[in-house]
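Trainee: take a look and give me a structure for this.
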Amino acid sequence: MKKSALLVAVVCGLSLLDACGGGGSAVVVPPPPAKPTVTISASPNSVTVGQSVTLTWSSTHATSCTASATPSESDWSGAVATSGSQSAMPAAAGTVSYALQCTGAGGSASQQTSVAASAAQFAITSSAPPAGTVGVRYSRRFVRCFPGTPGCFCNPFTHVCLRAIFGFPLVATAGTTPYTWSWVAAAGSSLPPGLNLVGSLIVGTPTTPGTYNVVVTVADSSSPAVSLSANYTITINPPPPPIVNTTLPPAGAINLPYSFAFTASQGYPPLTWSKTGALPAGLAFGTDGVLSGTPTATTGPLPITVTAQDQFGQTGSQAFTIQIFAHGFKVTGSMATPRVNHTATLLNSGKVLITGGIDNNSNVLATAELFDPSTDTFSSTGSMASTRTNHTATLLASGKVLVAGGCDSSGNCLSSAELYDPASGTFAATGTMGTARSAHTATLLQNGKVLMAGGNTATAELYDPVSGTFSSTGDMGTIRAGHIATLLTSGKVLVAGGSDGSGGALATAELFDPAAGTFSSAGSMTTARLGLTASLLASGKVLVAGGNDGNGNILATAELFDPNAGTFALTSGGLITARYLHTATLLVGGNVLMAGGFDTTGLASAAAELFDPSSSTFSGTGSLVAARYQQTATRLNNGSVLLTGGNSFGGVTASAELYQ
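Mentor: The predicted model follows:
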């Protein structure tokens, strides 16, 4: 009985599928974990030291992988992902084994791949040198720089800062540094003239066009040194051909010295000049491009073509016309001080008093000087009590000069006034204006008093030379500055144009009646004008010319004010040259000389022209010696016109010239 029970128990333990002892369920035994697998490959498997390879690997049934290399490589070491791709670079010549071991629940597996790394060969690896241009510094390129570094320019929009560097760099690799570069001066090898090899840079400015074969050599620092050579071709292009600048030659005048230098851009100097076409008598054209001489006869416009040829035979030409008039300008003595916004007043002695203004260092001046027509020279005279610019100076019946208003060196506008006495050559204080004024007008009335009007105000006042005092008079209808005021034959004063105090230009005009001490409307000009001129003609009409319309447009129109009709009308012909801040001077014969000013290019003009009241038209005359604007113009007793100072191309000038 006992043996039977034991047998049943053993059988039940051995067979889980049998129902023993009244029943039960089946038990499943799991399979063992799968063993990891690993693959790894390298591409390429043969490189030069310094080149990289790409390692690509994958694994299955792995939870971690570890990289190692033989010999050791820092970029393939330690834990890596179970699959992936990365670059590696053999550090030394030889065979490198890149191994990967991956571990999982089923154990571990490893795999490796080999890369053969050979030593890099010493080599010249420079790219081909770029072409150059005669006269242009060779091989310009740009590199980033820090703001404030000399030559560093920062783009305000991209904020990228760059500076230009020059020279073509020669490059070698794999040798023992430092390298020593040289070029072979032998048959068939020549650096372009103007270029040199400095260190590893080809630098300089080419001087001769052509195609040049250049053999360069580099030696490393090993012992013994290893040397290599390479052949390069450098092409040097000629410069662009000359372009003759279109600056117009000035109009000349008979019996006055003439000189004008034609110029060109581009081309490679020295340039040789020539011309075709007849020249005015007395003028000659030089191979240096200078047209000079003293004309002996007037001529209409004579066409000539001027040609510049550079040393490589390239040419450029431009057509011009040369004209000689009966009258023109000549140089006279210079002032002691450059001046602009100054005054010039003809004295009873025939001399001209120059006062104040601003010099070329922006200093407001108190000094004064005298021009003597008999010697064509300037000399100093007494100084004013105050520095003044944009002031007025008026010759009184006594022969003294009333200087009033303006602004001083501190920028303060002045109400003070002083008198210049030609007999003593000194200034003395006189009455004070009721209003400080600058860019105002001062007009000597027929009763001997002086009307002071405007200057960023609508007020006006009268100076009485007898009492030496100022007294108020009627106000203008509008604020004015930089306007004109002209004494009419009736004794009234025409006031027109100028700025309204806020920068806008005015077209309105008004009349001051000394008898009533009041201003009344005189209609309007055909256009608004500031920086204009006004000239009383023998007919009693007033010529108003040029200026700026307040919108930046420089005007070539002119108009006549008729006191009898109280109206303005355009002249039959406009100015030849648009002008602003110019001068207008009534000549002895009745014509009006218009000179200088800004033109439409925004530059000082040297052009001059004459208005003929009989035809109401403008015609040319000889050009200024120096282009200028904001100068003064004074008709002398001998009929010539003195121009002084103003702004020229070089800034405020001390020069003067005479129209005759």
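
Trainee: does Ala522 touch Leu511 like I think?
Mentor: Yes - Ala522 is within contact range of Leu511, at 4.7 Å (criterion: Cβ atoms under 8 Å). Where C-beta positions appear, they are placed from N, C-alpha and C, glycine not excepted.

Trainee: list the residues that contact both of those two?
Mentor: Leu494, Val495 (Cβ atoms under 8 Å, 6 or more residues apart in numbering).

Trainee: how is this structure divided into domains?
Mentor: The chain breaks down by automatic domain parsing into domains covering 37-118, 123-237, 243-325, 338-572.

Trainee: any idea which of those is most buried?
Mentor: domain 338-572 (a mean of 19; mean count of other Cβ atoms under 10 Å).

Trainee: turn the domains of the chain into TSV, including distance to Arg628.
Mentor: Formatted as TSV, the domains of the chain follow (distance: least, Cβ to Cβ, whole Å):
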stretch	distance to Arg628
domain 37-118	69
domain 123-237	34
domain 243-325	13
domain 338-572	9
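
Trainee: out of those, which comes closest to Ala607?
Mentor: Ala607 lies closest, by Cβ to Cβ, to one member of those: domain 243-325, at 7.7 Å.

Trainee: now do the closest one: distance to the chain's middle.
Mentor: Put simply, domain 243-325 sits 28 Å off its chain's centre (Cα atoms, centre = their mean, to the nearest Å).

Trainee: figure out the length between the terminal residues of that domain.
Mentor: 29 Å (Cα to Cα, to the nearest Å).

Trainee: can you tell me the closest non-neighbouring residue to Val214?
Mentor: Nearest residue to Val214 in three dimensions, chain neighbours excluded: Tyr232, at 4.8 Å (Cβ to Cβ, 6 or more residues apart in numbering).

Trainee: how near is that neighbour to Asn548?
Mentor: 60 Å (Cβ to Cβ, to the nearest Å).

Trainee: now Ala584
Mentor: Counting by Cβ to Cβ - Ala584 and Asn548 are separated by 15 Å.

Trainee: thinking again about what came up before, could I get the domains of the chain as CSV with distance to Phe618 and mean pLDDT?
Mentor: Below are the domains of the chain laid out as CSV (distance: least, Cβ to Cβ, whole Å; pLDDT from 0 to 100):
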stretch, distance to Phe618, mean pLDDT
domain 37-118, 80, 94
domain 123-237, 44, 93
domain 243-325, 13, 96
domain 338-572, 7, 97
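
Trainee: thinking Leu445 is in contact with Ala515, fair?
Mentor: No - counting by Cβ under 8 Å, Leu445 does not reach Ala515; the two are 10.4 Å apart.

Trainee: common neighbours of the two, please.
Mentor: Gly491.

Trainee: Cys413 contacts Arg437, correct?
Mentor: Yes - contact criterion Cβ under 8 Å: Cys413 and Arg437 qualify, at 6.6 Å.

Trainee: what do these two both touch?
Mentor: Gly405, Gly406, Gly455, Asn456.

Trainee: next step: the residues you listed restricted to strands.
Mentor: Judged by DSSP state E, strands contain none of those.

Trainee: return the member of those nearest to Thr263.
Mentor: Gly406 (39.5 Å).

Trainee: quick revisit: what residues does whatever helix or strand the residue nearest to Val214 lives in touch?
Mentor: Assigned by DSSP states H and E, Tyr232 belongs to strand 227-237. Contact partners of strand 227-237, identified using Cβ under 8 Å, 6+ apart, comprise 122-124, 126, 128-129, 131-134, 172, 175, 184, 191-192, 195, 202, 206, 208-220.

Trainee: correct me if wrong: Thr294 contacts Gly282.
Mentor: Yes - using Cβ under 8 Å, Thr294 is in contact with Gly282, at 5.1 Å.

Trainee: mutual contacts of the two, please.
Mentor: Tyr258.

Trainee: show me the contacts for the closest residue to Asn456 other than its chain neighbours.
Mentor: Ranked by Cβ to Cβ, 6+ apart and with sequence neighbours excluded, the top spatial neighbour of Asn456 is Ala481, at 4.6 Å. Going by Cβ under 8 Å, 6+ apart, Ala481 touches Ser438, Ala439, His440, Gly454, Gly455, Asn456, Gly498, Ser499, Gly501.
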